[in-house]
Every structure is written in structure tokens, then in C-alpha cells.
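Peer 1: need coordinates for the below:
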Amino acid sequence: MNILEKKISDKIHEFDIISLLRLLMSMNYREDEIRFRGHNSICSQTGLIQGIEFKKEPVREVVITLNLGLLSAQSPLPSYFRKKIDSFITDGRQFDEFIGYIDHNLIWNYICNLYPEINRFYFLSWELTKRRYLEALDLKSCNTLHWLFQTVFPEIGVKVEKILLSLEMQTVPIRLGESALGSNTAFGSKSQVPIHGRCITLCSEEDSTDTKVPWPWEIKNRLKALIFPLLRPTGIDLEINLVLKSQKRWAKLHPETYLGYDRIRNGGESYRRIRIFRGHIGEEKAVSF
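Peer 2: Numbering: from 1, shown residues only. Below you'll find the model as predicted:
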């Protein structure tokens, strides 16, 4: 037993099962080298994991003993089996090995159902499966957008509503005698077209996160990393605003602050509204703030 295996054995009661499995897989243990065994006891235990044993001979494997299974305190087996073991009518060791063979498959299937990200039988790629589940939702729905933003921003409040946005379109400048109004031409090189969109308002009591990162920066980072990649295939017009209900910093003349975000000293106690993003999110162009 090496140093890492000894540390795992000494602190086995502090592990949860999914963290233990990920650690073992990082140690190059394959799924067929990890075995589960139920703890033979009639008393309820204080934790899920009872013990762990690393074996090198005759084959390399790790045996995890859990307070689950057919011989545990919560066993679904009738008391008849326990009486048989206690009366020594059956060979206790052989019976334990037989039950252990069944326990391994039952426990492994149970864990795979609890943690589908490790279930290779039903899901070859859990990340791809989650993305397909998400694509089945209507990401333009206010309810779905509220759920999505509340999941990404659990620390702050979220409000979603329908609004009319103005889309700026590049048009062909009009030429006297050659152009007809309304046929992709307009006075000037740009035109404003009203479109239906969604307005997302994020409300925070503080001006920064628990890690002292200003909320405008944190929101932009999460939008780029988590939300915009999901919304691009759908194509949606959004306006995202941040409402700060209280701010502790005062405006100063240095690059890290700017007017409209930092509070003016002796100013009124009014909510501050900051526009984070306004525009179209789609596959045809990259989103810029």
C-alpha cells in the first residue's frame, strides 16, 4: 500500500461516494477494477462508506465496503436469510461471497442512477446528453430564460419580460431617380427596425460578489462562458441590465472606476441601472459587449 492509498484508507469515512470514485479513476483504476461489497450488520451506521481495501494479488482491484446491500441493516431480504446465517446451517463465508457478487451489481447500478455522469451504459457522453435535453426546451420562453439565468446567477434576483427592441440595419443609401422607398432602401445608410425581444434584469444588493469581483465584470464573464454558447443556436434578441440596490464604493479618478457605476459622494440613495448587453445572439456573428 503506497502513501496515497494509506491516506485514503485512513480518511475513508470523510469521502462521499462520487468523490471517491473520481479519485480512484484518477489513480488509473478502471471500472472493472472497482468492486462494491455490502457491510454485514444489523445496526444502522453513521456513514455510507464503511471501509476500503486495495488488493494487488491475484489481480489489481479495490474493494469498497458500503453500508448498503442485501446483508445491511436496510436489507430488503426477509429475516429468514439472517436466521440461516446465525444458525450456521449454511456456510457463512460462502454465503457472504455469493451475496457479495449480487451486491456489487446492485450497488453499482444504484450509484450509476444517482450520478448519471458516470453511467456509461445509458449515456456515452453526459455533457452531450445534457445539451440535447436543453435543446428540447424553448430557450426563447420567459420561463425557460428565467430558469437558465437563475441557475447561472443563484446569488442575485432575476426578472424576465418581453419588450420591443430596435434593431439597427445597414441599408443601401437612396439615389434619386434609381431607388424606390421601401425596397431595401432608406434615407441614410442605417434604419431602425422594431423587433420582439426579451429583457433580463439582474438585481443585486451589493456592488460586488463574495470574492470582491464587481458584478458587471462577473456577469459578463458568466454570460460569455455559460449562457451565450447555449443561446447562439436558437437566435434571440436580448437586453440585459444590472440593478444595484446599494454600493459601498465612492467614485475616484483612476482606471478601475467609471461614472455611472461608482456612487457619487453625498449623492442620493437611488438604485443604479447598468446595461450589460443589448443586441442579437446568434450563430452568424460573435457577441460583443
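Peer 1: what segments of this protein are helices?
Peer 2: Ranges of helices in the chain, per DSSP state H, are 3-10, 17-26, 79-86, 92-114, 126-135, 142-152, 215-222, 228-231.
Peer 1: now render these as TSV, adding mean neighbour count.
Peer 2: All C-beta atoms are positioned from the backbone trio N, CA, C, and that covers glycine. Shown next, in TSV, are these (neighbours: other C-beta atoms under 10 Å):
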stretch	mean neighbour count
helix 3-10	12
helix 17-26	15
helix 79-86	12
helix 92-114	15
helix 126-135	12
helix 142-152	16
helix 215-222	17
helix 228-231	16
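Peer 1: pick out the shakiest of those helices, pLDDT-wise.
Peer 2: Among the helices of the chain, helix 79-86 carries the lowest mean pLDDT, a mean of 74.
Peer 1: and that one, what does it pack onto?
Peer 2: In terms of contacts (3 or more C-beta pairs under 8 Å, 6 or more residues apart in numbering; DSSP states H and E), helix 79-86 is packed against helix 92-114.
Peer 1: buried residues in stretch 230-246?
Peer 2: Neighbour-count burial for stretch 230-246 flags 230-232, 237-244 (criterion: 16 or more other C-beta atoms under 10 Å).
Peer 1: hmm, which two among the residues you listed are most spread apart?
Peer 2: Using C-beta to C-beta, the buried residues of stretch 230-246 reach their maximum pairwise distance at Arg232 and Leu244, which is 28.3 Å.
Peer 1: circling back: from the buried residues of stretch 230-246, which is closest to Gly282?
Peer 2: Arg232 (6.1 Å).
Peer 1: ok, that closest one to Ile200 distance?
Peer 2: 16 Å (C-beta to C-beta, to the nearest Å).
Peer 1: go on, Ser191?
Peer 2: 26 Å.
Peer 1: cool, Lys159 as well?
Peer 2: For Lys159, the distance to Ile200 - C-beta to C-beta - is 7 Å.
Peer 1: where does this structure have low pLDDT?
Peer 2: For the chain, residues meeting the criterion pLDDT under 70 lie at 88-92, 173-174, 179-188, 247-270, 284-289.
Peer 1: can I see the domain layout of it?
Peer 2: Structural domains annotated on the chain: 3-125, 137-281, as defined by automatic domain parsing.
Peer 1: so which of the ones you listed gets nearest Arg131?
Peer 2: Per C-beta to C-beta, nearest to Arg131 of the domains of the chain: domain 137-281, 8.0 Å.
Peer 1: surely Lys220 touches Leu242?
Peer 2: No - Lys220 lies out of contact with Leu242 (C-beta atoms under 8 Å); the separation is 10.0 Å.
Peer 1: who touches both of those two?
Peer 2: Ile276 (C-beta atoms under 8 Å, 6 or more residues apart in numbering).
Peer 1: farthest residue from the center of this protein?
Peer 2: Using C-alpha atoms, centre = their mean, the residue of the chain lying farthest from its centre is Gly177. It sits 59.2 Å away.
Peer 1: next up, the contacts around the nearest residue to Ser246 once chain neighbours are set aside.
Peer 2: Excluding its sequence neighbours, the residue lying closest to Ser246 (C-beta to C-beta, 6 or more residues apart in numbering) is Glu205, at 6.0 Å. Contacts for Glu205 were tallied using C-beta under 8 Å, 6+ apart; they are 156, 245-246.
Peer 1: please apply the same query to Lys245.
Peer 2: 203-205, 271.
Peer 1: re the thing from before, can you redo the helices of the chain as JSON lines with distance to His196?
Peer 2: Output for the helices of the chain, formatted as JSON lines (distance: least, C-beta to C-beta, whole Å):
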{"stretch": "helix 3-10", "distance to His196": "56"}
{"stretch": "helix 17-26", "distance to His196": "43"}
{"stretch": "helix 79-86", "distance to His196": "66"}
{"stretch": "helix 92-114", "distance to His196": "42"}
{"stretch": "helix 126-135", "distance to His196": "21"}
{"stretch": "helix 142-152", "distance to His196": "12"}
{"stretch": "helix 215-222", "distance to His196": "24"}
{"stretch": "helix 228-231", "distance to His196": "15"}
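Peer 1: lovely, talk soon.
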